[in-house]
Each structure stands twice: as structure tokens, then as C-alpha cells.
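*Asks:* got a predicted model here, sequence first, then my questions.
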Amino acid sequence: MVALTALWIPILLSAVIVFVASSILHMVLPYHRSDYKKLPDEDKVVAVLRSAGLSGRGLYMFPYCTHKEMKSPEMLERFKQGPVGTITVFPGGPVNMPKYLLQWFVYCVVVAIFAAYLTGRVMPSGTVYLAVFRVAGTVAFMAYGVGQLVNGIWRGQPWSVVIKEVIDGLVYSLLLAGTFGWLWPR
């Protein structure tokens, strides 16, 4: 068993490496550029949303119904007519990228802490690189990769986007695992 305090260097370094890798995947490589689509007649749609008072942060579903209403003939017709979807609304104003990047980095640290905790409980000091790599990578992939599948199942995200996010999660997990295997206490 390895104490969590003995793993602070791989925790922080793996978080930094994943953070940098995610920046490269999302800003330099072109394969995420098709993830979002422009709304048809965006100015009119946004004006309608604004006039309806939709300005605060939230997740909205349309057509909206309760579980009881879901099978009523009126709701079934509304679903049939479409469109059916969800809209995520952020607070108004410019995109606060520093805030989102800080939150992402904190998330990377949290994932690394959990990977360190579990790996440290099942792998003693001196464990070979590949054994540490497997455990730490599996834990990290559960957070970075597998968790993305929910967005395709329940949030309606296109599977092409979800698969790209799972692949990103695999890359992040491999980087974290490599860092842990490399810096594991001997």
C-alpha cells in the first residue's frame, strides 16, 4: 500500500499533462471542429429565446412534459411533430474561458487523486511500471472516457461526438497511467 501523500508528484504532473493534451486535442487538432452545429436562422432563434426570458444557466427540454404527461395523446403528437431536444444555456456575457479552464484543471487533479488512491491501495511500492499503468489507467478511463457515454444515452449528443470524447478520455487515461507508472515509488 502506498500513501496518497507519496503520490502528490504524479497526481499534479499527470493533471498538468492531461490539461495540456486536452488543449492540443481541442484547439490544435481539427477533429473536434465539427462537434457543434450552428442553429438555422440563429439570430431569430436567439431572439425568441431571449424574449421568452431564457437567460439564466440551465438545461431545458422541449417539448417539456412530466412523466404522467409523457404518454398522453397531446404529448405524443408534439413529440411526433418535433423538434425534440435539449438546450444548455450558459450565463449571459462573454465566455469565461479562464473559469472553465480552472474547473477542468481541478477536475484533472480530482481524477488523478482517485486514481492515486485506488492504485495506492492495490499496488505496493516497487510495483512494475505496467502493473501500475493498468490500474491507474483503468481508474482514469472510468472518469475520462466511460462517463462520456451517458451524454449519448440521455443527453442526445450525437454518437460521433461521444465517441470522440471517449477517445480523448482514452488518451488522457494513457497519459495519466504513463505518468503514474513512471513516477511510482520504488
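*Replies:* Cool, the structure landed. Numbering: from 1, shown residues only.
*Asks:* surely Val146 meets Gly169?
*Replies:* Yes: in this structure, Val146 is within contact of Gly169 by C-beta atoms under 8 Å, at 7.4 Å. Glycine gets a C-beta too; all of them are placed from N, C-alpha and C.
*Asks:* who has more neighbours, these two?
*Replies:* The neighbour comparison of Val146 against Gly169 (other C-beta atoms under 10 Å) goes to Gly169, with 23 against 14.
*Asks:* so what are the domain limits for the chain?
*Replies:* Domain ranges of the chain: 4-35+95-183, 42-89, per automatic domain parsing.
*Asks:* tell me how many other residues crowd Leu176.
*Replies:* Residues contacting Leu176 under the criterion other C-beta under 10 Å number 31.
*Asks:* next up, the contacts around the residue sitting furthest away from the middle of the chain.
*Replies:* For the chain, the C-alpha farthest from the mean C-alpha position belongs to Pro73; by C-alpha atoms, centre = their mean, that distance is 36.5 Å. When contacts are counted by C-beta atoms under 8 Å, 6 or more residues apart in numbering, Pro73 touches no other residue.
*Asks:* pLDDT wise, what is it at?
*Replies:* You'll see Pro73 listed with a pLDDT of 94.
*Asks:* can you give me the strands for the protein?
*Replies:* For the chain, the strands defined by DSSP state E occupy 58-62, 85-89.
*Asks:* returning to what we had before: least reliable of the domains of the chain going by mean pLDDT?
*Replies:* Ranked by mean pLDDT, these end with domain 42-89 at the bottom, a mean of 91.
*Asks:* what's the offset of it from the middle of its chain?
*Replies:* Taking C-alpha atoms, centre = their mean, to the nearest Å, one finds domain 42-89 lying 24 Å from the centre of the chain it belongs to.
*Asks:* what about Gly82, neighbour count?
*Replies:* Residue neighbour count, defined by other C-beta under 10 Å, stands at 9 for Gly82.
*Asks:* how much space separates it from Phe62?
*Replies:* When C-beta to C-beta, to the nearest Å is applied, the distance between Gly82 and Phe62 equals 10 Å.
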